[in-house]
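1. build me a structure from this.
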Amino acid sequence: MGTRDQILDAAAEIMRNRGVVYATTKEIAKAAGYSEATLYKHFSDKEDIILNVLRHRMPTPASAPPQPGTAAVADNLTAMARAALSFYQQSLPLLGGLLAQPERMAAHRNSMQRHGAGPGHAIAGIAEYLRAERELGRISAETDVIAAASLLDGACFHQAFLRYYQSGPDAEPASDEVARSLARTLVRGLGSSAGGASS
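-> Here you go, the predicted structure:
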């Protein structure tokens, strides 16, 4: 295993067990067995490490988005909901500590924005997919794609939060049926054509 992977593994472990607030470059370097100078040879700053943990050590809603015009709209949205449910359930423990510290949250938010990242990108990805399906005529031309994407993403986040609240970090992942139900309910409101939705 290379140095970069060891750093990411150490950062992911700290984030899971103690939260982002405690994942300082000093603590990450110590856990990985390297100097802080070594970290900066591979990553620009702490947020760069966090982003790479989210991208490479966790499922992400942004990975392999469905191709518009292929499969059924409901099936494609089910796949996106499944990815979002998994991502949020695993990321809640990592980010929870920031919520209680507004100053650190602001610093984290500003740093993530500099890297072109942040929670709004999940909604943007779903909206981009729905916009393409709207142009193909597979969902209603009147669809507000931002609102629809927000509904799906928000429902996935809430489901993940409820599981974490009830059972902590060892909560069972949401079932495929949850993802299917969310997607199918949304599709009914989108006015999908017969060729764009599952029966």
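2. every contact and neighbour count from this point should use C-alpha atoms.
-> Will do.
3. quick check: mean pLDDT of the lengthiest helix in the chain?
-> Criterion DSSP state H: the longest helix present in the chain is helix 73-99. Confidence for helix 73-99, expressed as mean pLDDT, is 84.
4. return the distance of that helix from the chain's centre.
-> The chain centroid and the centroid of helix 73-99 are separated by 5 Å, computed with CA atoms, centre = their mean, to the nearest Å.
5. likewise for stretch 163-180?
-> The answer for stretch 163-180 is 15 Å, by CA atoms, centre = their mean.
6. could you pull up the mean pLDDT of it?
-> The average pLDDT within stretch 163-180 is 89.
7. quick one: end-to-end distance for that stretch.
-> Stretch 163-180 has its terminal residues 17 Å apart, counting by CA to CA, to the nearest Å.
8. so which other helices or strands are in contact with the longest helix of the chain?
-> Here helix 73-99 touches helix 3-18, helix 102-114, helix 145-167, helix 176-190, going by 3 or more CA pairs under 8 Å, 6 or more residues apart in numbering; DSSP states H and E.
9. can you do 10 Å?
-> Judged by 3 or more CA pairs under 10 Å, 6 or more residues apart in numbering; DSSP states H and E, helix 73-99 is in contact with helix 3-18, helix 46-56, helix 102-114, helix 120-135, helix 145-167, helix 176-190.
10. can you tell me which of the ones you listed the model trusts least?
-> helix 102-114 (a mean of 74).
11. just want the angle from that helix to helix 46-56.
-> Here helix 102-114 points in a direction 70 degrees away from that of helix 46-56 (axes from the mean of the first three to the mean of the last three CA atoms, to 10 degrees).
12. tilt between helix 102-114 and helix 73-99?
-> 140 degrees.
13. in helix 102-114, which residues are buried?
-> Neighbour-count burial for helix 102-114, with 16 or more other CA atoms under 10 Å as criterion, is recorded at 105, 108-109, 111-112.
14. which helices and strands does that helix pack with?
-> Packed against helix 102-114, as judged by 3+ CA pairs under 10 Å, 6+ apart, are the following elements: helix 46-56, helix 73-99.
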